[in-house]
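Trainee: Give me the fold of what follows.
(one chain, ligands or ions: 1)
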Amino acid sequence: MSEARAGLSGTARHVTVSAPGKVNLSLRVGPPGADGYHPVATVYLAVSLRETVTAIARTDGRVTVGPCPRQVSLVDAHDVPWDERNLAHRAAVHLRTALGLDEATHGVHLDVAKQVPVAGGMGGGSADAAAALLACSVLWETGHTRSELAELAAPLGADVPFAVLGGAAVGLGTGAELTPVAARTPVHLVLVPADAGLSTPVVFGTLDELRRDGHVPEGPAHPEVNQEVVRALTAADPLALATAMDNDLQTPAVALFPDLGDVLDLGLDEGALRGMVSGSGPTLLFVVPDEHSALSLATAVEERTGVRALPVHGPVAGAHVL
Ligand code: ATP
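Mentor: Here you go, the predicted structure:
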């Protein structure tokens, strides 16, 4: 038993919450402002690959976090910091501080069961933060609505409010200013995670360098929302979606991880309507017309590369209690 779990009784009060990973169907990035942040205009889709966080009451006032001992996960949780740097841990401490709750009586241990690839550009850490925020809010009976929690989530990271709300949404600013999009029917995707991660700040920094050196055109100071992607989602048109998708981080991600180019070609060869880097990568997403095509593409990619491929769909619900 981990040191963090020592002393937790099996009968301690607990709350389990599930929260989704995401892909960006469009990600347009402007030049960094004086504060160092890049303004973005993005279209998020919450997908059926989810994180589960159980908040267990602690009587000693501590906040601790660890991998769920019962989980058999395909995700390598070794790359995750299981201490106060963990985004789930930060979310619990943030909630306690923001609401001025008494530390002595608001201790918690967070068990995190991961499914979303680590550092894969799918917001797995953000989903853990969103799940921890809701689980602690219910455990501590704070009475907050989901939209209040999404507002509270903004300082934890640009993708955290979206993981609270789920569905599909346009994100502006750092990505945290959300407007829901009514996507009519499921979008079917195949995700291909890589066996190594890419650091989000390094990918943004590489985009800046490529733009400075003239290899990639400058982006506008205020990037505009890709309305064709929004229309394709509301019209439930996978071909229009595949044609309209874009990601300014794809060129820097492929420059840092050249093998991605080969897997993108292979997915198209096997019948995907379009392939793209998800967020800051290196996870790739392929758009397919329906569930059946998703299953056959995933099988073909696995057979030809030996790499795991995951059929998923979206939009799915945001953080909710199980
Ligand atoms: P971003 O949301 O920045 O695009 P990402 O989706 O590419 O990130 P994450 O899996 O969220 O990737 O993790 C990015 C980094 O955050 C990891 O390399 C890890 O060091 C750190 N981290 C902190 N907490 C967590 C967590 N609960 N799960 C995964 N990574 C975490």
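Trainee: hey, let's count contacts and neighbours off CA atoms from now on
Mentor: Fine.
Trainee: number of nearby residues for Glu303?
Mentor: For Glu303, the neighbour count with other C-alpha atoms under 10 Å is 12.
Trainee: Check the gap between it and Ala232 for me.
Mentor: Remark: distance between Glu303 and Ala232 (C-alpha to C-alpha, to the nearest Å) = 31 Å.
Trainee: swap in Ala240?
Mentor: In terms of C-alpha to C-alpha, Ala240 sits 6 Å off from Ala232.
Trainee: Thr97 too?
Mentor: Thr97 sits 41 Å away from Ala232, going by C-alpha to C-alpha.
Trainee: Who has more neighbours out of these two?
Mentor: Ranked by neighbour count (other C-alpha under 10 Å), Thr97 and Ala232 place Ala232 first, with 20 against 12.
Trainee: Correct me if wrong: the more buried one contacts Leu241.
Mentor: Yes: if you go by C-alpha atoms under 8 Å, Ala232 and Leu241 touch, sitting 5.0 Å apart.
Trainee: how is this structure carved up into domains?
Mentor: Structurally, the chain divides into domains by the TED database as follows: 14-183, 187-314.
Trainee: show me where the protein has strands.
Mentor: 14-29, 40-58, 63-67, 107-113, 168-172, 177-180, 187-192, 246-247, 274-277, 284-288, 310-314, 320-321 (DSSP state E).
Trainee: Any chance of these in JSON lines with mean neighbour count, mean pLDDT and distance to the ligand as columns?
Mentor: What follows is the strands of the chain, written out as JSON lines (neighbours: other C-alpha atoms under 10 Å; pLDDT from 0 to 100; distance: least, C-alpha to the nearest ligand atom, whole Å):
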{"stretch": "strand 14-29", "mean neighbour count": "26", "mean pLDDT": "97", "distance to the ligand": "8"}
{"stretch": "strand 40-58", "mean neighbour count": "26", "mean pLDDT": "97", "distance to the ligand": "9"}
{"stretch": "strand 63-67", "mean neighbour count": "23", "mean pLDDT": "96", "distance to the ligand": "9"}
{"stretch": "strand 107-113", "mean neighbour count": "25", "mean pLDDT": "96", "distance to the ligand": "7"}
{"stretch": "strand 168-172", "mean neighbour count": "25", "mean pLDDT": "97", "distance to the ligand": "14"}
{"stretch": "strand 177-180", "mean neighbour count": "16", "mean pLDDT": "96", "distance to the ligand": "15"}
{"stretch": "strand 187-192", "mean neighbour count": "26", "mean pLDDT": "96", "distance to the ligand": "13"}
{"stretch": "strand 246-247", "mean neighbour count": "20", "mean pLDDT": "98", "distance to the ligand": "13"}
{"stretch": "strand 274-277", "mean neighbour count": "25", "mean pLDDT": "97", "distance to the ligand": "11"}
{"stretch": "strand 284-288", "mean neighbour count": "27", "mean pLDDT": "97", "distance to the ligand": "12"}
{"stretch": "strand 310-314", "mean neighbour count": "22", "mean pLDDT": "96", "distance to the ligand": "16"}
{"stretch": "strand 320-321", "mean neighbour count": "17", "mean pLDDT": "98", "distance to the ligand": "17"}
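Trainee: Can you say which of the ones you listed is nearest to Val254?
Mentor: strand 274-277 (8.3 Å; C-alpha to C-alpha).
Trainee: that older thread, need the winner for burial among the domains of the chain.
Mentor: Neighbour counts averaged per stretch over these are highest for domain 14-183, at a mean of 21; criterion: mean count of other C-alpha atoms under 10 Å.
Trainee: got a pLDDT number for the closest residue in space to Val230 that isn't next to it in sequence?
Mentor: Closest residue in space to Val230, ignoring its immediate chain neighbours: Val181 at 7.0 Å, by C-alpha to C-alpha, 6 or more residues apart in numbering. The score at Val181 is 97. That number is its pLDDT.
Trainee: Phi first, then psi, for Val181.
Mentor: When read as degrees, to the nearest 10, the backbone of Val181 gives phi -120, psi 130.
Trainee: any idea how far it lies from Leu210?
Mentor: The gap separating Val181 from Leu210 is 32 Å, by C-alpha to C-alpha.
Trainee: got the contact list for Asp83?
Mentor: Thr64, Val65, Gly66, His89 (C-alpha atoms under 8 Å, 6 or more residues apart in numbering).
Trainee: try it again with 10 Å
Mentor: Shown in contact with Asp83 (C-alpha atoms under 10 Å, 6 or more residues apart in numbering): Ala4, Val63, Thr64, Val65, Gly66, His89, Arg90.
Trainee: Return the backbone torsion pair for it.
Mentor: With angles defined as degrees, to the nearest 10, Asp83 sits at phi -150, psi -160.
Trainee: begin at 13 from here
Mentor: Right, with 13 as the first residue, what we last looked at is Asp95.
Trainee: I figured Arg243 hits Val193, correct?
Mentor: Yes: the criterion here is C-alpha atoms under 10 Å, and Arg243 meets it with Val193 at 9.2 Å.
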